[in-house]
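[1] Quick one, structure for this:
(one chain, ligands or ions: 1)
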Amino acid sequence: MDERTLVLVKPDGVQRGLVGEVIARIERKGLRLVSLELKAVDRGLAEQHYAEHEGKGFYEELLSFITSAPVAAMVVEGPRAVAAFRQIAGGTDPVEKAVPGSIRGDLALETGSNIVHGSDSPESAEREIKLWFG
Ligand code: IDP
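    The predicted structure is shown next:
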């Protein structure tokens, strides 16, 4: 019944010391952390992770940002984990979409540096967990 999702604390979140804050919110929601690793991201991994965005105007910016410094990658588990994490993350634009009380709504200002990534479907989660954790 439980589902798994891939969560990343992106370079801005790691550099701002927000890994603990993100983990605390995941745990308070009732989700469980099953893997956690600080990872340097090379161009190949970034391209595979963000394949769906290839060709978009912000693609190069996205790749250079995610490869700029380490990320904290984690596998998070629980009932409806994919949707539950996206709820606590908040919408992509931290000001226009993410509501107060969410990670992005409380802690971020810009879409390009919005602290966290969470898989957008169970199928994406399966692909992304394989990609990041083998
Ligand atoms: P999500 O992270 O909320 O699932 P996606 O649409 O999958 O959002 O986009 C992936 C990431 O790309 C976003 O988290 C954000 O950091 C970045 N991004 C998305 N749209 C834009 C944009 O219009 N300008 C700059 N960065 C963007």
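[2] sec struct for the residue nearest to Lys97 when sequence neighbours are not counted, please.
    Take Lys97 and drop its neighbours on the chain: the residue closest to it by C-beta to C-beta, 6 or more residues apart in numbering is Gly91, 2.6 Å away. In short, each C-beta sits where N, CA and C put it, glycine included. Here Gly91 is recorded as coil under DSSP: H, G, I helix; E, B strand; the rest coil.
[3] what's the spacing between Gly91 and Pro79?
    Computed as C-beta to C-beta, to the nearest Å, the Gly91 to Pro79 distance reads 22 Å.
[4] and if you look at Pro94?
    Distance from Pro94 to Pro79, by C-beta to C-beta: 26 Å.
[5] ranges for the strands of the protein?
    3-9, 32-39, 71-78, 116-118 (DSSP state E).
[6] For the shortest one, give me every contacting residue.
    Contacting residues not belonging to strand 116-118 are listed as 5-10, 13, 22, 82, 85-86, 89, 103-104 [C-beta atoms under 8 Å, 6 or more residues apart in numbering].
[7] What residues does the chain have near the ligand?
    58, 62, 92, 111-112, 114, 117, 120 (C-beta under 6 Å from any ligand atom).
[8] Return a ChimeraX selection command for the buried portion of the residues you listed.
    In ChimeraX syntax, the buried subset of the residues of the chain next to the ligand is picked out as below (16 or more other C-beta atoms under 10 Å):
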select :62,111,114,117
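[9] Taking the residues of the chain next to the ligand, tell me the two that lie furthest apart.
    Pairwise distances across these peak at 17.8 Å for Gly112 and Asp120 (criterion: C-beta to C-beta).
[10] Report the beta-bridge partners for the one residue sitting closest to the centre of the chain.
    Centroid-nearest residue in the chain, with C-alpha atoms, centre = their mean: His117, separated by 1.6 Å. When bridges are called by DSSP bridges, His117 pairs up with Leu8.
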